[in-house]
Each structure stands twice: as C-alpha cells, then as structure tokens.
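In: Quick check, what structure comes out for this input:
(chains A, B, C, D, E and F)
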4 protein chains.
Amino acid sequence: MPKVVPDYRNQARETITESASKLIFKSGFQDTGMDEIARNIGVTKGTLYLYFPSKAALLAEACRRNMTILESTMQKAFDGDISKGIENFIVNELSLPDYVKFHWIVAMAEINKSPEIKKILVESYDGYVSILTSFISKLKKLGLVSNSPDPEIVAKKLIAFHNGILLSVMLGESAENAISLFREGVSAILQAPTPKP
Amino acid sequence: MPKVVPDYRNQARETITESASKLIFKSGFQDTGMDEIARNIGVTKGTLYLYFPSKAALLAEACRRNMTILESTMQKAFDGDISKGIENFIVNELSLPDYVKFHWIVAMAEINKSPEIKKILVESYDGYVSILTSFISKLKKLGLVSNSPDPEIVAKKLIAFHNGILLSVMLGESAENAISLFREGVSAILQAPTPKP
Amino acid sequence: MPKVVPDYRNQARETITESASKLIFKSGFQDTGMDEIARNIGVTKGTLYLYFPSKAALLAEACRRNMTILESTMQKAFDGDISKGIENFIVNELSLPDYVKFHWIVAMAEINKSPEIKKILVESYDGYVSILTSFISKLKKLGLVSNSPDPEIVAKKLIAFHNGILLSVMLGESAENAISLFREGVSAILQAPTPKP
Amino acid sequence: MPKVVPDYRNQARETITESASKLIFKSGFQDTGMDEIARNIGVTKGTLYLYFPSKAALLAEACRRNMTILESTMQKAFDGDISKGIENFIVNELSLPDYVKFHWIVAMAEINKSPEIKKILVESYDGYVSILTSFISKLKKLGLVSNSPDPEIVAKKLIAFHNGILLSVMLGESAENAISLFREGVSAILQAPTPKP
DNA sequence: CATGAATGAGTGTTCATTCAT
DNA sequence: GATGAATGAACACTCATTCAT
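Out: So this is what the prediction gives:
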C-alpha cells in the first residue's frame, strides 16, 4: 500500500472500518477492543487514532458501512425477477455469516447509547422502507399485490415481519422454517384485501 | 424498607432487579455498572452481592422478570374478549415502560455471550409460542381463523411480526402507526388462505 | 452452653480461637475469612467482634495458643525416656496434620507485618530454647553429650536444624528421609567435640 | 530510563521484579498491591500488566530471581578457597539485603496456594542440593570430610541446618551468633563419624 | 505515518468492620 | 448476647486514549 497514493487515507479508513465491522458484529461492540481491530489488520492501536477520533466514531462508520451493504443487497435482490424478489432476499440473507445477518440486532442494542447511532439506524430504516416501497409499487402495477391503498404501509409491514423472522432465527428457529414462515407471511401480507378502517 | 418484613430478602431482590432492569435497558448491560445499579436505589455496591452472586446472575434475573411480565401481559390479553385478544395485547404492551417492553432486545445482544441468557430467551420464546398456539386453536374453533393447517405455524408468524413491529417502534415508528400496522398484519396472517406448498 | 456461667466469655474466646487456629494454619491468615471462622462454629461474623477487637487480635491469640501447645508437646517429649526425647519429638511432630506441623512457617510469613506477631514468635523461640537448654543440661549430666561448654548454644543449633528439616519436608523430602536426616544430624551436633574458637 | 535501549523490556521487567521483591518481602504477597509495586518505581498499575500477565506471574518471577541470586552466591562461595567455602557462603548471604535472603520464607507461605511457586521452590531446593553435593564430594576427596557414605545426605543436612539458621536470624538471633552457630554446626555435621543404621 | 509504552479512570468482586434490631 | 444487613475501602485487572519517539 504505497503511502503516496492520493486517497491513501480513504483506503486506510476503509481497511479499518471493514476490520471493525467484522469484529464488532461477531463479538459485539463492547467486547471488541481497539487492540483487536488493529491487530486484525496488522497495525497497532495508535494507528487507528490517526484515522478515527474515537472508538464510537469508528463504530458509527462501521454501522453506516454495513447498512449500505445491506441496502445494496436489497436493491440487487429486487432488480432481478420481480416476482421472486422478496423471497430471494431472505434466502440470500440467511446464508450470510451470522455476523452480517445479525449485525442489525447488535447495532440496535447500542441505539440508546448514542444519538449518532440512533440517527444511522433510523436513516437506514427509512432507506429500506423507501426501497421496498418503490418495489411494492412496481408489483402493484403488475397486479401482483392486492389493491392495498398505500405501498409504504405494505413495505413497513414486510420489514417488520422480516426483522421478526430474523429474531426467531436467533432464538433457534431453523433456516428452513424461517424461509417457509417468511414466504407464507409475505404472501398473506401482499394479498390481504384492503382493510376497512 | 423495614428489615423485619418476613420476606425482606425477596423484596430486596425485587428492588434490585427492577433497578437493574431500568438501567440495563437504558445503557446496555456492559455500560451499566454495579455501582450505578446500587446508587440508583440508595445502597452501595457491596449490598448487591448479598442478594446476587454476580452481575451476570443479576442480568439473568432481570431478564427472567421482564419475560414473566410480558408473558402475563399476554395471558391477560387472551383471557378477555377473544376476538380482540391479539390487538389488546399489543396495545397493553406498548403502554408498558420502555425498559420492560424493549428489555429483551437488549438481552438479545448478549445472547451469544451467555448460555444462561440464551436459555432464558429461548424458553420465553417457546413459552410465547405455546400460549399463542392454544389461543389460535380457540379462535379456529370459533371460525375466526382461516383453515390454516397448523396453529403453531400461525403463532410463530404472529410472534415474528409482533417482534418486528416492536423493532419498528424502537426505530421511531409511532405507537398509533405500530398498532394500526399490527392490526392489519395480524388480520392478513390470520385470514390468509391455506398455502399450497 | 449456659450464658450465665461466669467465664462464659473465656469459653467463647477459646472456641473461637480454636476455630481460627485450625483454619488459619490450614489456609493461611489472609485466605481465612471472618465469615469462615464464624460459620465453622455455628455463629455469625458479628459475634466474633464481641470477643476480639479485630482479625489481627484473633490471629495473635491463635498464634499464642499454638505456640503454647507446641511448647507443651516439647515438654512432654522431653519428660519421657531422656535418651530418646529429641527423636521422639520429631517423630511425633511429623505425624501431626500439616496445619499443625507447619503453622510455624505460616506464622513466620506474618512476622514483618505486625510487631505483636513478631513478639509472640520471638518469645516462643526463646521458650523453646529455654526448654531445650535445660533438657541438654540434663543430658550433659548423664554424659550423653560431649563436653560442649554451653547447653544453650547446643539448644539453638538443634532448634535451627529441626526447623530446617521441617522446611525440607515442605519442599518434598519424605518423612522417613527427614527422620533419618534429623537423627544423624542431632547426633552429630550433640557429640561434636568442643569447638576451638 | 531511555526507551530506545535494545533490551528495554528486559530492563523494565527487572526493575519491576526488584520492586516487587522488596515490597513482597516487607509486607507479604497478599498485602502488597500492584498499585504499591508500581508507585514504588514511579509508574502506574497498568504498566505492570504490559510486562507481566498477572500478579501471580510477577510473584513467580520475583521468586525465581531471588532464587537465582542465592544460587549464584552459593556457586561463588564454593569457587573460592575450598576449605572456607561453606562459611563464606553464609557470611556472604547474611550480607545480602533482607528482601533477598528472606524472600523465600515468605514464598514458602504461598507454597500450598500456587503450584507454580511450589515448582520454583522445589526446583531451587534440588539445585542447592546438587551444587552442595558436588562441593561435598570435592571436600571428601581432599579428606576434609569424614567418610560419610553419601555426599547428598550430607548436603541435605547442611541445607536444612542453614535454612534453620536463617529462621533463627529472622527471630532475632544476631548475625555473629548465627555465623558462629553455623560454623560449629557445619563442622559437626561434616566431621560426624559414619552413622550405624 | 506509525509505533508502543504509558496512562488513569474504570470494572466487578471481596471482606473486615459496624450497628440497628 | 447474637444477628445479619449494610458498608466502604480495598483489590486485581482492563482498555480507550495519548504522545514522545
């Protein structure tokens, strides 16, 4: 890694963030030491402070990074065969390593500790809602969804259901069960007749 | 706090557990010090060790306590007007203090670190599934549910959906929105036609 | 134990001291808790403070007690067959439980911490020297000792040798080896011709 | 303390070990805090953990260090005028600082609590026996020792006697007395006629 | 830019001692 | 006289952060 490369700093930040991501979402934020993050990429603790002002800032960055990755995973799943998009998404997701597929829950545990983390999570949630909303709209145009009045509401239901299924997996539900529960639930939510308020 | 009360020890344990619950939910398990838990109820750190052998044991107890509260909230909701049971449940739940209703999300973050916590959470999950399963069976007999083959599967879907909605609330969704999303989602899941595998 | 007995306090002190002795010389002073000493005789910690002002005072008393016992053991050994007195002593001693035969070493480790303990140990040493000196004098009159000029000097040599042998046992020397080494050494010391200064 | 010295770490370890030795001898192992050891050399507690993984490891190192010093004192004494070797040894030894010459008595008090300490002490004892045994063999060839059958047995007697004399010094015997007792005792042990079993 | 020695505030836990009952 | 709940100062050990080199 030649040190004269113009965006050397950015590359270094990226290397560090990736190391932090992996370790944090494997062992939790508190149980991941700066030492460990540094050793993992062959530098020393002090170096991290050349690129991040504090551990909290590094967590925030790692969090952002993971949310972005997840968002693009979502985008990709929905770019393919539209009628299979949602199912593809969870199937792919469940095959990811634990530290990726559950990072979200790990991050939630930090939500009350730092307004910055809260902001990142809330923004990510809004991002997912938005991506999914436009996907639902497409489905609706194709007649694959009941004439529910508001795609955003459907999107929020699906996201909630998805997150709940992930929790069930953490609590011991098998991947097959989870996928089958998810498929049926999604179908029920999408096909439900317009509710009468 | 009169020391001659016969079950003084139990009351003391309860006081400590409640204090721990509140603080742990607010700041997370690792960031809540024994000092803080003690000071919060006007005793010193050493006193806590008269009632709990370790911080981990105290966490476990707090966890169990909150799970029990949630379980009895569930039971109560289902004992009333059967057609309103599920909705009642979330309405009641959302009115519980944050540190009760969200505590278990915080606990989830510890699930990989402590087998005892994992056991408590898994058992609680199984307990919820079982309570809800028998409730669904009743609904089915009353014809309030589609002829879905397996009440347990319906129960698991509902629990996942419910948990996901709670996460949404943590992420900023308002209680009204949450209740309305929940009502519609539950109805969709209950009324869904038998899936064809 | 009727509490009106006039020297109830003395009996209680004795009971406590004995409990402390056993535990202290089994596990060491620091590793024996007041709780343990109390529980061992079926009372609670607070009770000990009715009879001793501090743990240090209790240690001192226990120390004194043990020294006295050892002194009388010595006296007894030397009251019997005079020509076998010294060997009898170590044979008997080595058959005692570790916590009795090594209590001396345990106490030595505390010698720098408390002037009171130092005083007790020094006085005990002087006591042993004195007992042994008069025993040597008797042996001398019987012609069983070389005409060494000073029984006290012989006594001090024997005590040093004896203590050293005990240390060897702690370091792994077997009891048989120890006894045989002791017997030969004692004989050498007793029979040595008067040294020429 | 220049930090660029090549074996800075070794020097630092040595500094710490010496500080620990002094304090442990003075106050005992349990009563010497890491804080105290650190403050004594002008660093903070945390620093000690850069060089030793635990207090027990530091004790072990201090123990080893002192044993080595004693061993080399012994070697040196025996390399000089052979007929004066043993006496030289105790004279030299008694001039060492208290925390070196008595340290191992303090260590004995830990012998039942730590297998590592026990190993160090036993190995040191065996080392002393071995050094002294070969010295006795030399003396024997020179005719300076009675024809006692086994130099190792003589060595063990001498070591026991020596250790006992050290204890006497701890109990208040003056250095002169100790040296004179030791000289006479050694002479008696070396010159003793072969015992008849 | 990178190091790694050093820090210092923090952690959970223990335990001799006190005192209201 | 005896209890046992409570204390508080101590402990070994950790770790994010700093800074001279």
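
In: What helix or strand is the residue of chain A found nearest chain D located in?
Out: Using CB to the nearest CB, the closest approach of chain A to chain D is made by A:Asp35 at 12.0 Å. The way it works is simple: take the backbone N, C-alpha and C, and place the C-beta from them, glycine included. Assigned by DSSP states H and E, A:Asp35 belongs to helix A:34-40.

In: Could you list every helix and strand that that helix packs against?
Out: Applying 3 or more CB pairs under 8 Å, 6 or more residues apart in numbering or on different chains; DSSP states H and E, one finds that helix A:34-40 contacts helix A:8-27, helix A:45-51.

In: for chain A, what helix or strand is lowest in average pLDDT?
Out: The helix or strand of chain A with the lowest confidence, counting by mean pLDDT, DSSP states H and E, is helix A:98-101 at a mean of 73.

In: picking that back up, could you find the closest non-adjacent residue to the residue of chain A closest to chain D?
Out: A:Lys45 (5.3 Å; CB to CB, 6 or more residues apart in numbering or on different chains).

In: The next helix or strand after the least confident helix or strand of chain A - what's its average pLDDT?
Out: Sequence-wise, the next helix or strand downstream of helix A:98-101 (DSSP H and E) is helix A:103-108. Across helix A:103-108, pLDDT averages out at 78.

In: Would the helix or strand just after helix A:103-108 count as contacting chain B?
Out: On the C-terminal side of helix A:103-108, the closest following helix or strand by DSSP H and E is helix A:115-141. Yes - using CB under 8 Å from any CB of the partner chain, helix A:115-141 reaches chain B at A:Leu121, A:Val122, A:Tyr125.

In: Number of residues surrounding A:Arg64?
Out: Neighbourhood size, A:Arg64 [other CB atoms under 10 Å in any protein chain shown]: 18.

In: Give me the pLDDT for it.
Out: For A:Arg64, the pLDDT comes out at 88.

In: now A:Ser130
Out: 92.

In: Also A:Ser187?
Out: With respect to pLDDT, A:Ser187 has a value of 88.

In: who in chain A is up against DNA strand F?
Out: A:Asp31, A:Thr32, A:Gly33, A:Met34, A:Asp35, A:Lys45, A:Gly46, A:Tyr49, A:Ser54, A:Lys55, A:Ala56 (CB under 7 Å from any atom of the strand).

In: Make JSON lines out of the residues you listed and add neighbour count and pLDDT.
Out: Putting the residues of chain A next to DNA strand F into JSON lines (neighbours: other CB atoms under 10 Å in any protein chain shown; pLDDT from 0 to 100) gives the following:
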{"residue": "A:Asp31", "neighbour count": "13", "pLDDT": "87"}
{"residue": "A:Thr32", "neighbour count": "23", "pLDDT": "91"}
{"residue": "A:Gly33", "neighbour count": "13", "pLDDT": "93"}
{"residue": "A:Met34", "neighbour count": "18", "pLDDT": "95"}
{"residue": "A:Asp35", "neighbour count": "11", "pLDDT": "95"}
{"residue": "A:Lys45", "neighbour count": "13", "pLDDT": "94"}
{"residue": "A:Gly46", "neighbour count": "9", "pLDDT": "94"}
{"residue": "A:Tyr49", "neighbour count": "13", "pLDDT": "96"}
{"residue": "A:Ser54", "neighbour count": "11", "pLDDT": "95"}
{"residue": "A:Lys55", "neighbour count": "18", "pLDDT": "94"}
{"residue": "A:Ala56", "neighbour count": "15", "pLDDT": "91"}
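
In: Quick check: residues of chain A near DNA strand E?
Out: A:Met1, A:Lys3, A:Tyr8, A:Arg9, A:Ala12, A:Gly42, A:Val43, A:Thr44, A:Lys45, A:Gly46, A:Thr47, A:Leu50.
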